[in-house]
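Colleague: Fold the following.
(chains A and B)
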Amino acid sequence: MTGLTMVRKGHYGAYGGQFVPETLMYPLEELEAAYNDAKADAGFQAELGRLSERYSGRPTPLYHAERLTEAVGRGRIYLKREDLNHTGAHKINNCLGQALLARRMGKNRIIAETGAGQHGVATATVCARLGMECDIYMGEEDMRRQELNVFRMKLLGTRVLPVASGSRTLKDAINESMRDWVTHVRTTYYMLGSVLGPHPYPEMVRDFQSVIGREARAQIMELEGRLPDLLVACVGGGSNSIGLFHPFLDDARVCMVGVEAGGRGPSLGDHAARFSGGRPGVLHGTYSYILQDAAGQIVPTHSVSAGLDYPAIGPEHAALYETGRIVYTSVDDAAALEAFHRLSRLEGIIPALESAHAVAYLSRADIGPDDVVVVNLSGRGDKDVTEVARIEEDGS
Amino acid sequence: MSRIDAKFAELRAAGRKAFIPYLTVGDPDIPTSGDIVLAMEAAGADIIEMGVPFSDPIADGPVIQRATDRALKGDVSLPRILELVRWVRDRSDIPLLAMSYYNPLLSFGLERLGRSAADAGLDGLLATDLTVEESGPFVEAIGGAGLNTVFLAAPTSSPERIASIAETSTGFLYAVSRTGVTGETDALSDELAGFVRRLRRSTGVPVAVGFGISNPEHVRAVWSEADGAVVGSAIVHAIEKAIDEGSTGSETAQRVGALIRWLRGEGEAQPA
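Modeller: Model (predicted):
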């Protein structure tokens, strides 16, 4: 089984599409045209490449984690070091691309949502670099959990707008961003941070994040002389995972595992495992797997990791789940916290709690003695240090 | 011909325009919503829009967001809303349009919804986040059950989009008065009259205007160009004030009735 062919525009199998208030169809059509134009423009790609290299620090290393490998006891484990990007996560890959696009479209005000704050920080950073006005919506609960990132965004000259509605997390921040966008649609660019939302976002964000997989592919060929056996990444909305996986989809022998947040347990409301606990529906402009109750109301989610704490998953993931090309599983809070410590002590790398979910999966993965495994270390854990300390002190 | 089609035909013949109030069903509870619907009709409403609450109302401003939260705290669901439609139908022939977001409808099952809604006596459905491109299964199931399928047109819609929206909308076409979410406003957009005329040129379906219509002057201005005026947040806001003051269901309904009379240009002063 391989990658997907898009039969209907903006659809991945049965999933995806454009489910938005009519007012937003104009900017979506405008965005799609501008993106298709930019994609084919060598000048745009060259500028993105230059900024990625000299500003963000790409390519990121593919690092053989020897002590982690030893602890797992099988195979050879490599970490794709997206944590070493400027701003500390893969999010900037997408932000650089979209900000250059917004500038090309003549839109000088950027809005974005953020959960863990990584997308917010990356957006604020890129806006500072390109001299653009920037407003970030963030749930109050996430602002508490990710205080450091709130301060970073403010330092970068961005306004952080607290969202007090609903569960006061990422879902509600997206609601508020969409309301702002629909109101200021002619002048504002909405910089969506994951492979979510209406077409063309899932495709565009995937394209900007696919640099992860393209680099990893070249690097592993150089280091091992062959393709990897297994790719592992955490899945919130799904941008770091699709970024790593996408360039390998047609290589049938490469197995891929997406790791969702198992939270406190399998009851609805206690986790963010969309495939085991959800069913197809429409949220935030796209048809995909969603955590919802019997009446179709979106339910609260829980994860120790703010970046995975979201009730929907990108539509391309939904389609790849159904074709079976990618296997999805989940890791709970406790296992993620344990992996957070383990990677810190074994490799001197403090992972983001999101990425710790991918690392945690290794201890139960089916890895052969000579298997080559690539784990996407999507972000670094500096932002999580206070929250982890709080959890371990309170036990809650 | 649906009750909505018949109502617009009747109004057209009489040279009148439609007044279309909105309420969030279940705010604060279902029996009060029933009282409010009947009070709306008594106060001169021509068609009533019944909001089916959804947890993530991205096209709504703070007033309807708060009403949604209040409604969802109670026991409101699509089956209970259809029971309310049936209750109203036993007492009134007023055309009823349900307005929601797509997910609760999809979750209920579109085929089942078409059958149950027609059976209960609902006349039409509108899903705020359903674009014409994605509307095939909805139109087949809901339109196929004999209900009207109403779609939104926005000031940002291209002529091509307006043409396909006009073709897909039955009963009436809902024109969004401005770019933005629902909510009261001081002044209507300068572009509104031109926008409504563009819609008129491309469709024979009646055009009703909503979003931001908050006082009798707005209603009159909309009536001078379009076939109907939809008022949502101003009414929901009055319901909220009544709830905050501890009013009974019938007091709340009376208050909404007085507001509607004022909005339609019949009351002397704005009700408190």
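
Colleague: Would you mind naming what in chain A lies close to chain B?
Modeller: Counting by CB under 8 Å from any CB of the partner chain, the residues of chain A close to chain B are A:17-23, A:25-27, A:29, A:165-166, A:171-172, A:175, A:178-179, A:182-186, A:281-285, A:287, A:290, A:292, A:294-298. Every residue, glycine included, has its C-beta placed from N, CA and C.

Colleague: helix or strand for A:E222, which one?
Modeller: Using DSSP states H and E, A:E222 sits within helix A:211-224.

Colleague: from the chain's centre, how far out does that helix sit?
Modeller: Averaging C-alpha positions (CA atoms, centre = their mean, to the nearest Å) puts helix A:211-224 20 Å from its chain's average.

Colleague: Just the mean pLDDT for the helix or strand containing B:L259, thanks.
Modeller: For B:L259, the host element (DSSP H and E) is helix B:249-263. Helix B:249-263 carries an average pLDDT of 97.

Colleague: In PDB, could you pull the C-alpha coordinates for that helix?
Modeller: What follows is helix B:249-263, C-alpha atoms only, in PDB (Å, rounded to 0.1, in the frame of the first residue of the first chain):
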ATOM      1  CA  GLY B 249     -40.500  31.000  31.100                       C
ATOM      2  CA  SER B 250     -43.600  32.900  30.300                       C
ATOM      3  CA  GLU B 251     -42.100  36.200  31.400                       C
ATOM      4  CA  THR B 252     -39.100  35.500  29.200                       C
ATOM      5  CA  ALA B 253     -41.500  34.700  26.300                       C
ATOM      6  CA  GLN B 254     -43.400  37.900  26.900                       C
ATOM      7  CA  ARG B 255     -40.300  39.900  26.800                       C
ATOM      8  CA  VAL B 256     -39.200  38.400  23.500                       C
ATOM      9  CA  GLY B 257     -42.700  39.200  22.100                       C
ATOM     10  CA  ALA B 258     -42.400  42.800  23.100                       C
ATOM     11  CA  LEU B 259     -38.900  43.100  21.600                       C
ATOM     12  CA  ILE B 260     -40.200  41.600  18.300                       C
ATOM     13  CA  ARG B 261     -43.100  44.100  18.100                       C
ATOM     14  CA  TRP B 262     -40.600  46.900  18.600                       C
ATOM     15  CA  LEU B 263     -38.200  45.500  16.000                       C
END
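
Colleague: Which among the residues of chain A next to chain B count as buried?
Modeller: Taking 16 or more other CB atoms under 10 Å in any protein chain shown as the criterion, what is buried in these is A:17-23, A:25-27, A:29, A:165-166, A:171-172, A:175, A:178-179, A:182-185, A:281-285, A:287, A:290, A:292, A:295-298.

Colleague: Which ones among those lie within strands?
Modeller: Judged by DSSP state E, these include A:281-283, A:287, A:290 as members of strands.

Colleague: what about the residue of chain B found nearest chain A, which helix or strand?
Modeller: Distances between chain B and chain A by CB to the nearest CB are smallest at B:S107, namely 2.7 Å. In the assignment (DSSP H and E), B:S107 maps to helix B:102-108.
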